[in-house]
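Novice: Predicted model follows, preceded by the sequence.
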Amino acid sequence: MITHYRVDMRVVHGQTTTILKKSFPLNRIIVIDDEVAKDKYMVSLYSSTVSSDIKVHILDLQKGFDNLKKAEDSQLNYFVIFKTPITVKRLLEKGYVFKGPITIGQQFIRDNAPKYLNSVGSTEEEWAAIQYAHDAGAEIIFDPSCKFENISFDEAKKKYESVHQG
C-alpha cells in the first residue's frame with residue numbers, strides 16, 4: 001500500500017527515513033522523476049541514503065505510472081516521492097488517482113521561485129501544477145520541515161499570491 005506521497009526537491013534524505021518513517025509505515029520508496037531516473041550517480045546516491053531494510057526504486061514517469069497500482073495493492077508499505085509538482089500533474093493527466101494526500105515538502109528557493117513558505121519556493125509552472133492537482137481533487141498539504149505543520153492549500157495559495165503580486 002502507498003502510505004505517503006511527497007513532493008520534495010531533496011528527493012530521498014534523512015528526514016524521509018527517520019522522521020516520516022515514525023508516522024508512516026515504510027518498506028519501499030518509489031521515486032518518480034524522469035531526470036533522476038536517467039542519472040546513474042543520483043540513483044546510486046539516493047539508494048544508499050536509506051537503511052538496508054528499505055529498497056528504493058527510481059523510475060521515470062511511464063514506469064512510475066505503470067508501477068503505482070502494484071504498490072497500492074502490495075502488502076509492503078511505500079512512500080512515493082516526486083522531485084517537483086510537475087510530475088504529479090503529469091501523472092494526473094495520464095489518469096492516475098491519488099489515494100491519499102500529497103504533501104509538498106521543500107521546494108528550492110530560486111530567482112524564478114521566490115520563498116512563500118519556509119523552505120518553499122515555486123516557479124509559476126510548479127505552482128500551476130500544484131493548483132492543477134488541487135483542482136483535480138487531490139488533497140494538497142504543505143509540510144516542508146517534516147514537522148507535520150500541515151499547512152493547507154488555501155493558506156499556501158494566499159502566501160504564494162502575496163509574493164507573486166509584485
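Specialist: Received it, and whenever you're ready, just let me know what you need.
Novice: Please, where are all the strands along the chain?
Specialist: Taking DSSP state E as the criterion, the chain contains strands spanning 2-7, 28-32, 55-59, 78-82, 102-104, 115-117, 120-121, 140-142, 151-152.
Novice: Can you tell me which of these is most buried?
Specialist: Comparing the strands of the chain by mean neighbour count (mean count of other Cβ atoms under 10 Å), strand 78-82 ranks first with a mean of 27. Yep, even glycine has a C-beta here, placed from its N, CA and C like the rest.
Novice: Can you list the strands that that one pairs with?
Specialist: Using DSSP bridges, strand 78-82 pairs in its sheet with strand 2-7 (parallel), strand 28-32 (parallel).
Novice: What pLDDT does the model give the closest residue to I32 other than its chain neighbours?
Specialist: Taking Cβ to Cβ, 6 or more residues apart in numbering, and ignoring the residues beside it in sequence, I32 has G64 as its nearest neighbour in space, at 3.3 Å. The model reports G64 with a pLDDT of 98.
Novice: Make sure G64 is actually in contact with L91.
Specialist: Yes - applying Cβ atoms under 8 Å as the test, G64 and L91 come out as touching, 7.3 Å apart.
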